[in-house]
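Undergrad: quick one: sequence plus predicted model below, questions after.
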Amino acid sequence: MKLKRPALLAALLACAAIQPAYADTLIHAGRVIDGVSDTVRTRATIVVKDGRILRIDDGFTVPGKDDEVIDLSTSTVMPGLFDMHTHLVADGTSAFTDGFTMGPADLVLKAEVNARVTLLAGFTAVRDLGDSYNVTVALKKAVEGGKIVGPHIFTATAALSSTGGHGDPTNGLAPALRFETGPKDGVVDSPEDAVKAVRERYKDGADVIKVMATGGVMSMERDAHGAQMTQAELNAIVSTARDYGMPVAAHAHGTDGILRAVRAGVGSIEHGTYLDDETIRLMKEKGTFLVPTLMAGEWITEKAKIDGALPPVIRPKAAQIGPLMSANFTRALKAGVKIMFGTDSGVSAHGDNAHEFELMVQAGMRPMDAIRSATSVAAGFLNVGDRYGSVAVGKQADLIAVPGDPIADIGQMRRVSFVMLGGKIVKGGK
């Protein structure tokens, strides 16, 4: 039966009256860590509306008739976490064979699974520092477009390397399988190459630039710590990236490479294994962050002990580099170098990211500082602190919860029981 216009309007109004279109979500939190202060707030209600934090009330607010209540009264609620060093296309030693067995479509599907696992572990944002075929750009677009559920992605696309250096995609290949590389592939051998490579990544949709300033462990080249970029090349990379509004992260184990990268003005040093007094002083002077990736150090140390777990060219590098990373992180921490949370997941397993908190605390970092390094500090570095990284009025409701008190037991960070992304529950709930 066709309704006349007055009857149709009345029916629509009646439907609207019974729909909780303007209902709020009330999160009753036993404890709240806001990601900024040292204070842990107890018995509070976080009111979420339209994907954002509307207000934070003392005590457990009585809900209205259409409000949704999420009972986290025995849990600790905090901002969603940032992992500032991931590789969503990688899975440990499989990275050595993926180039022979997987195409772009395979890697997109692998990255989507790894991104979802990472999100469910409480990491609502990741900085991906090296992919293949720009798959993390596609993944980022799918997340932002609401086509899939995943963390916010800030991607470097493919990292920049020198010929034969850590990140050269032809390392370890038989001569017949090698191909000509250049700036588009991320291989640079002059300041001019460096400028073009950064611009290529800007065109491809990168948010940040990753440069291999030294040798590395998980690549088929002999040297793990020698400098592999000239000062002029690093200067060109950082200067060009700054023109395009992109911060630069420098993979750097060895002292000479760290010094060159910091002098060039990179925003962060990844790993920093051979930090010494001079590099620490310069990092403090320049405000350069250290992303320690202690999980990667632990992982390669253990793998180096197992016959056949790593290719022969990699095993001695892993045995040398891995055991040094935690002690030098402690030195940098005590000296006052700024720290950001990052795991290098893709070396270690995706979803285990929160184990990094335990390693950071074991190495001397205060639990609250470790949590801040993965929340407000990381968000501020990426210039998204106005939206993410803290529990505050007006911020996007990216929230997680753990069942216990992570300040008393940092291991609770591995037991994420609730994840909300933009006001939508993706794990846990009532």
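TA: Received, thanks. Numbers count the residues shown, from 1 in each chain.

Undergrad: hang on, D352 packs against E358?
TA: No: counting by C-beta atoms under 8 Å, D352 does not reach E358; the two are 10.5 Å apart. No exception for glycine: its C-beta is placed from N, CA and C like everyone else's.

Undergrad: list the buried residues for stretch 98-115?
TA: 98, 102, 107-108, 110-112, 114-115 (16 or more other C-beta atoms under 10 Å).

Undergrad: residues in contact with it?
TA: Residues outside stretch 98-115 that contact it (C-beta atoms under 8 Å, 6 or more residues apart in numbering) are 88-91, 126, 131-133, 135-136, 138-139, 142-143, 148, 150-151, 153, 169, 345-346, 350.

Undergrad: could you measure from the closest residue to G322 other than its chain neighbours over to M295?
TA: Closest residue in space to G322, ignoring its immediate chain neighbours: T301 at 3.3 Å, by C-beta to C-beta, 6 or more residues apart in numbering. In this structure, T301 and M295 are 11 Å apart, going by C-beta to C-beta, to the nearest Å.

Undergrad: and for G428?
TA: Taking C-beta to C-beta, one finds G428 at 24 Å from M295.

Undergrad: out of these two, which sits in the busier spot?
TA: Under the neighbour definition other C-beta atoms under 10 Å, G428 and M295 were set side by side, and M295 has more, 26 against 17.

Undergrad: gap between the more buried one and V347?
TA: 8 Å.

Undergrad: and for M340?
TA: In terms of C-beta to C-beta, M340 sits 17 Å off from V347.

Undergrad: my guess is L282 meets T255, correct?
TA: No: contact between L282 and T255 fails when scored by C-beta under 8 Å: they sit 10.8 Å apart.

Undergrad: neighbour-wise, which of the two wins?
TA: Neighbour count, other C-beta under 10 Å: between L282 and T255, T255 has more, with 18 against 14.

Undergrad: excluding its backbone neighbours, what's nearest R242?
TA: G265 (7.5 Å).

Undergrad: how about the one you found, what does it touch?
TA: So G265 contacts 235, 238-239, 242, 248, 286 (C-beta under 8 Å, 6+ apart).

Undergrad: among those residues, name the buried ones.
TA: Buried subset of the contacts of G265 (neighbour count, 16+ other C-beta under 10 Å): 235, 238-239, 248.

Undergrad: sort out for me which of the residues you listed are in helices.
TA: 235, 238-239 (DSSP state H).

Undergrad: nearest to A332, of those?
TA: V238 (20.9 Å; C-beta to C-beta).

Undergrad: pretty sure the closest one contacts V266?
TA: Yes: the pair V238 / V266 is scored as a contact, 6.0 Å apart, by C-beta under 8 Å.

Undergrad: now the helices for the stretch 251-400 of the chain?
TA: With DSSP state H, counting those that start in this stretch as the criterion, the stretch 251-400 of the chain has helices at 255-264, 277-286, 294-304, 315-321, 325-335, 355-362, 367-373, 376-381.

Undergrad: and the fifth one, what does it pack onto?
TA: The one in question is helix 325-335. Counting contacts by 3 or more C-beta pairs under 8 Å, 6 or more residues apart in numbering; DSSP states H and E, helix 325-335 packs against helix 277-286, helix 294-304, helix 355-362.
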